[in-house]
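*Asks:* Return a 3D structure for these sequence lines:
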Amino acid sequence: MRLGEQVQAVEAAGVDRIQIDVMDGRFVPNITFGTIAVRSLRPLTRLTLEAHLMVSPPEDFIESFAAAGADTIIVHQEATPHLHRAIEQIRSLGKKAGVALNPATSAGTLSEVLNLVQLVLVMTVNPGFGGQEFVLETLPKIRQVRDALTERGLACEVEVDGGINEQTAGWVAEAGADVLVAGSSVYDAPDGVGAAIARLLASATGKNHPQKT
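*Replies:* Below you'll find the predicted structure:
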């Protein structure tokens, strides 16, 4: 009932984009938004809408989310045996292509497609539910992805999603992340989304970096 209102609230607070988690109950153990959410939100915000497809196979959904108004479409490396084809499908529709990696998936699995994507999403929790604890073992993977892109001279964003809060935001930014996805730490903040986003930005930009323990 309040989805549009909540998107407009974080837009006013200064976020750069909205990520919509699409779950099918098959690739991940939950069911969330479909194309109707993207289509309904598109007229309400000028922000980039990212459709994070936690579905299998993603090829069945790419065209419909593109038509609904998603600007970026992210597919999981683990969700399709034909990752190259899925990326090319996204690109052929004029959309920004991203690939996500689960915590247990090696950064090296993207070697053959890095030059085709505009975004790599490193999952720092196992996808499927919000409010999970950050998986510390994923920090080296963020650095590996950043180093691989730098070595090739590729203009590709490194995005991190999962357990992002005032503490972990600084860690992932230091590891090489460009984009941080936050859900629970923003919408569950008792002092409101504006204050929560300000704290995350302060941590990510080094103005308030807690030490990793």
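*Asks:* Going by C-alpha atoms from here, please, whenever you check contacts or count neighbours.
*Replies:* Will do.
*Asks:* quick one: low-confidence parts of the chain?
*Replies:* The chain contains residues with pLDDT under 70 at 207-213.
*Asks:* Let me see the contact set for Leu200.
*Replies:* 165-166, 169 (C-alpha atoms under 8 Å, 6 or more residues apart in numbering).
*Asks:* Between the residues you listed, which sits nearest Gly108?
*Replies:* Ala169 (23.9 Å; C-alpha to C-alpha).
*Asks:* Pull the number of nearby residues for the residue nearest to the closest one when sequence neighbours are not counted.
*Replies:* Nearest non-adjacent residue to Ala169, counting by C-alpha to C-alpha, 6 or more residues apart in numbering: Ala204, 5.1 Å away. Neighbours of Ala204 under the rule other C-alpha atoms under 10 Å: 25.
*Asks:* which residues sit in contact with Val193?
*Replies:* 9-10, 13, 186-187.
*Asks:* CA atoms of stretch 159-168 as PDB?
*Replies:* Taking C-alpha atoms only, stretch 159-168 is exported to PDB below (Å, rounded to 0.1, in the frame of the first residue of the first chain):
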ATOM      1  CA  GLU A 159      27.800  -3.200  -6.300                       C
ATOM      2  CA  VAL A 160      27.400  -4.900  -2.900                       C
ATOM      3  CA  ASP A 161      24.100  -6.100  -1.400                       C
ATOM      4  CA  GLY A 162      23.500  -7.800   1.900                       C
ATOM      5  CA  GLY A 163      23.900  -6.800   5.500                       C
ATOM      6  CA  ILE A 164      24.900  -3.200   4.600                       C
ATOM      7  CA  ASN A 165      24.700  -1.000   7.600                       C
ATOM      8  CA  GLU A 166      26.600   1.800   9.300                       C
ATOM      9  CA  GLN A 167      29.400  -0.500  10.100                       C
ATOM     10  CA  THR A 168      29.800  -2.700   7.000                       C
END
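*Asks:* re earlier: what about the contacts of Leu200, which are in helices?
*Replies:* Of those, the ones assigned to helices by DSSP state H are Ala169.
*Asks:* Just among the contacts of Leu200, which is most surrounded?
*Replies:* Ala169 (28 neighbours).
*Asks:* Does that one touch Val181 like I think?
*Replies:* No. Between Ala169 and Val181 there is no contact under C-alpha atoms under 8 Å: 9.4 Å.
*Asks:* Identify the contacts common to the two.
*Replies:* Here Ala169 and Val181 have no joint contacts, going by C-alpha under 8 Å, 6+ apart.
*Asks:* in the lengthiest helix in the chain, what's buried?
*Replies:* When the chain is parsed with DSSP H, its longest helix is helix 139-152. With burial defined by 16 or more other C-alpha atoms under 10 Å, the residues of helix 139-152 counted as buried are 139, 141-146, 148-149.
*Asks:* How about residues contacting it?
*Replies:* Outside helix 139-152, the residues that touch it by C-alpha under 8 Å, 6+ apart are 106-107, 114, 120, 122, 124, 155-156, 158, 160, 171-172, 175-177.
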